[in-house]
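Trainee: need coordinates for the following:
(one chain, ligands or ions: 1)
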Amino acid sequence: MISGDARELAFRILSELETRRTTLDRLIDEEFEKIAPGMDRRDRALAFALVYGVLRWRAKLDWHIEGLANRPLNKIRPDMRNILRMGLFQMLFMSRIPDSAAVNTAVNLAKKYGSPKLAGFVNALLRNAARQKTAFADPDPARDPVPALAVSQSFPEWIVRRWNNRLGLDETRLLCRYNNQIPPLTLRANTLRISREALTEKMVFADAAETICGTKYAPDGICLWGPHVPVSELPGFAEGYFQVQDEAPQLAAHVLDCRPGQDVLDACAGLGGKTGHIAQLMENRGRILGMDSDMGKLRELSLEMNRLGADNVETCPHDLRQPLDPEKLGTFDRILVDAPCSGLGVIRRNPDIKWTARQADFQGHARKQLQLLSHAAALLKPSGGVMVYAVCSMEPEETNGVVSAFLEKTARFELQDMGLLFPGLADLADDRGCLTLLPHRHATDGFFIARLRVCP
Ligand SMILES: C[S@@+](CC[C@H](N)C(=O)[O-])C[C@H]1O[C@@H](n2cnc3c(N)ncnc32)[C@H](O)[C@@H]1O
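Mentor: The predicted structure follows:
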């Protein structure tokens with residue numbers, strides 16, 4: 001059992017993230033459960049700030065560490081790299097922490113996890129950083145703006161290059177900057193139990209956050225900027241008054257426009273973020289089938305539906321690429337395919353994605369997305385059926401590219417213009433009528449939604 005020290009906890013999370021195939025969310029849940037129950041709120045907040053801060057600013061921190069160490073980063077032991085990143089992050093981004101505390105705590109970690117010699121190296125490098133930091137400079141953009149932006153905004157060069165080719169340098173800079181900001185905690189009021197107005201009042205009364213406001217496009221969303229307590233301690237959590245969900249994904253179930261009494265398939269239901277929303281739009285009447293290939297997620301989904309009071313949801317573990325139950329073919333009024341993707345739209349909330357996503361994976365994502373969409377299409381009612389395809393990405397291969405490939409393959413479907421169907425969302429619609437949300441333009445996660453219907 002290790003101590004409940006915030007920096008040690010952050011160090012363990014950062015190191016494990018590099019060695020295990022898991023997501024930041026899962027690792028945080030695991031490590032916090034093991035270590036942090038007794039940890040006071042300020043220490044938990046520090047551990048979070050260090051993990052997220054280092055992941056957001058890793059390329060910039062590494063650039064300075066390489067310069068100070070006078071050797072390439074891969075010549076520094078991976079665990080010492082993380083100790084150095086945490087130390088330097090505190091010096092550059094956490095003005096309330098004295099440099100001496102950043103150095104001493106890093107040296108203690110290096111002693112515990114390394115050796116006296118490595119602790120000496122960490123000590124010397126961070127002391128140099130403390131002396132030189134006011135003179136630190138980013139690479140010169142005049143020489144080559146893409147790698148310079150990759151360091152100054154801390155993104156992998158391939159992502160900056162990709163966005164620069166599509167959006168130009170100025171917008172790419174804005175997009176990177178936006179993705180490095182701390183997002184609000186966004187909730188969706190569970191209208192089975194409470195209205196957005198009444199939930200907002202409860203949050204304001206409880207002084208739940210520094211600023212509390214409604215979402216712009218999604219009718220049931222509330223943004224909490226600078227929340228004062230963890231989600232599970234917010235008023236109404238146990239009563240199922242809300243789910244945590246960014247504004248952009250709230251629009252997926254909204255445009256699915258399901259009605260009470262319908263048969264609805266949530267084909268990649270995961271933990272049920274959108275299933276709960278569908279249940280509230282259906283006022284708990286009709287039938288929802290939550291499908292996912294991950295049985296563990298569906299178990300959690302069922303618990304989540306109990307918390308929300310959504311009682312018209314059944315679950316079905318199934319790999320949607322495999323043959324479908326013939327009895328289910330052509331039976332659903334509405335289908336949501338919230339497909340697995342690169343996750344490049346949610347870097348603001350999951351900065352680890354910057355370092356785990358790969359350019360080479362896009363073709364594979366697109367192939368799978370097309371397969372899931374095509375198989376799901378066979379389950380839709382031949383008359384009046386509507387299917388929504390969504391991904392938390394704004395990359396062409398897995399957004400409009402998949403929709404075009406699907407339409408080429410499946411002539412009985414047509415794309416619907418959501419700018420016309422939902423006038424409140426018109427400024428999010430692209431020239432085909434799909435919704436493409438860009439973080440820096442719309443102040444949401446990056447997200448894509450297409451609405452397809454069987455041709456009348
Ligand atoms: C973007 S996540 C869904 C998030 C979920 N809709 C929510 O709002 O909480 C994509 C989901 O697709 C599931 N998935 C991946 N491959 C699948 C497959 N072949 N068949 C069915 N589900 C799959 C993953 O387990 C994951 O839960």
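Trainee: pop the domain breakdown of this structure in here.
Mentor: Using the TED database, the domain ranges for the chain come out as 6-132, 145-180, 185-244, 247-454.
Trainee: I'd like those as CSV, with mean neighbour count appended.
Mentor: For glycine as for every other residue, the C-beta is placed from the backbone atoms N, C-alpha and C. As requested, these are exported to CSV (neighbours: other CB atoms under 10 Å):
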stretch, mean neighbour count
domain 6-132, 18
domain 145-180, 18
domain 185-244, 18
domain 247-454, 20
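Trainee: so which bits of the chain are right by the ligand?
Mentor: Contacts of the chain with the ligand, taken as CB under 6 Å from any ligand atom, map to 268-274, 292-294, 297, 319-321, 338, 340.
Trainee: so which elements touch the longest helix anywhere in the chain?
Mentor: Looking across the chain with DSSP state H, the single longest helix is helix 41-69. In terms of contacts (3 or more CB pairs under 8 Å, 6 or more residues apart in numbering; DSSP states H and E), helix 41-69 is packed against helix 6-19, helix 24-35, helix 78-93, helix 116-132, helix 145-152, helix 353-356.
Trainee: just how off-centre is the first one within its chain?
Mentor: Helix 6-19 has its C-alpha centroid displaced from the chain centroid by 19 Å (CA atoms, centre = their mean, to the nearest Å).
Trainee: what's next to that helix, contact-wise?
Mentor: 2, 22, 24, 27-28, 31-32, 35-36, 39, 43-44, 46-47, 50-51, 54-55, 78-79, 82-83, 85-86, 105-106, 109, 112-113, 352 (CB atoms under 8 Å, 6 or more residues apart in numbering).
Trainee: with just CA atoms, put that helix into PDB.
Mentor: The C-alpha coordinates for helix 6-19 follow below in PDB (Å, rounded to 0.1, in the frame of the first residue of the first chain):
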ATOM      1  CA  ALA A   6      -1.000  13.500  -4.300                       C
ATOM      2  CA  ARG A   7       2.200  13.600  -6.400                       C
ATOM      3  CA  GLU A   8       2.900  10.000  -5.900                       C
ATOM      4  CA  LEU A   9      -0.600   9.100  -7.000                       C
ATOM      5  CA  ALA A  10      -0.200  11.300 -10.100                       C
ATOM      6  CA  PHE A  11       3.200   9.700 -10.900                       C
ATOM      7  CA  ARG A  12       1.700   6.200 -10.600                       C
ATOM      8  CA  ILE A  13      -1.200   7.100 -13.000                       C
ATOM      9  CA  LEU A  14       1.100   8.700 -15.500                       C
ATOM     10  CA  SER A  15       3.600   5.800 -15.500                       C
ATOM     11  CA  GLU A  16       0.900   3.100 -15.700                       C
ATOM     12  CA  LEU A  17      -0.800   4.900 -18.600                       C
ATOM     13  CA  GLU A  18       2.500   4.400 -20.500                       C
ATOM     14  CA  THR A  19       2.800   0.800 -19.800                       C
END
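Trainee: what ranges do the helices span in the stretch 151-300 of the chain?
Mentor: Assigned by DSSP state H, counting those that start in this stretch, the stretch 151-300 of the chain shows helices spanning 157-167, 169-179, 196-205, 247-256, 273-281, 295-308.
Trainee: JSON lines for the ones you listed, including mean pLDDT?
Mentor: Converted to JSON lines, the helices of the stretch 151-300 of the chain look like this (pLDDT from 0 to 100):
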{"stretch": "helix 157-167", "mean pLDDT": "98"}
{"stretch": "helix 169-179", "mean pLDDT": "98"}
{"stretch": "helix 196-205", "mean pLDDT": "98"}
{"stretch": "helix 247-256", "mean pLDDT": "98"}
{"stretch": "helix 273-281", "mean pLDDT": "98"}
{"stretch": "helix 295-308", "mean pLDDT": "98"}
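Trainee: in CSV: the domains of the chain, plus distance to D138.
Mentor: Shown next, in CSV, are the domains of the chain (distance: least, CB to CB, whole Å):
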stretch, distance to D138
domain 6-132, 7
domain 145-180, 4
domain 185-244, 28
domain 247-454, 17
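Trainee: so what's L84 up against?
Mentor: Contacts of L84 were listed using CB under 8 Å, 6+ apart, and they are 61, 65, 76, 106, 122, 125-126.
Trainee: if we can go back for a sec, mean pLDDT added to the helices and strands packed on helix 41-69, as CSV?
Mentor: Output for those, formatted as CSV (pLDDT from 0 to 100):
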stretch, mean pLDDT
helix 6-19, 92
helix 24-35, 79
helix 78-93, 97
helix 116-132, 97
helix 145-152, 97
helix 353-356, 95
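Trainee: for Y241, find the nearest of those.
Mentor: Closest to Y241 of these is helix 24-35 (CB to CB; 21.9 Å).
Trainee: and the closest one, what does it pack against?
Mentor: Checking 3+ CB pairs under 8 Å, 6+ apart, helix 24-35 ends up next to helix 6-19, helix 41-69.
Trainee: contacts for that helix next, please.
Mentor: 1-2, 4, 9, 12-13, 16-17, 20, 44, 48, 51, 55, 350-352.
Trainee: now do the strands in the stretch 201-350 of the chain.
Mentor: Counting by DSSP state E, counting those that start in this stretch, one finds strands in the stretch 201-350 of the chain at the ranges 209-214, 221-227, 242-244, 263-266, 287-292, 313-317, 334-338.
Trainee: so the closest residue to A269 other than its chain neighbours versus G276, what's the distance?
Mentor: What sits nearest to A269 in space, not counting adjacent residues and going by CB to CB, 6 or more residues apart in numbering, is G290, at 3.6 Å. Distance, G290 to G276, using CB to CB, to the nearest Å: 10 Å.
Trainee: nearest to T211, of the contacts of helix 24-35?
Mentor: Taking the contacts of helix 24-35 together and measuring to T211 by CB to CB, the closest member is F48, at 19.1 Å.
Trainee: re earlier: the residue nearest to A269 bridge partners, please.
Mentor: Counting by DSSP bridges, G290 is bridged to D266, T315.
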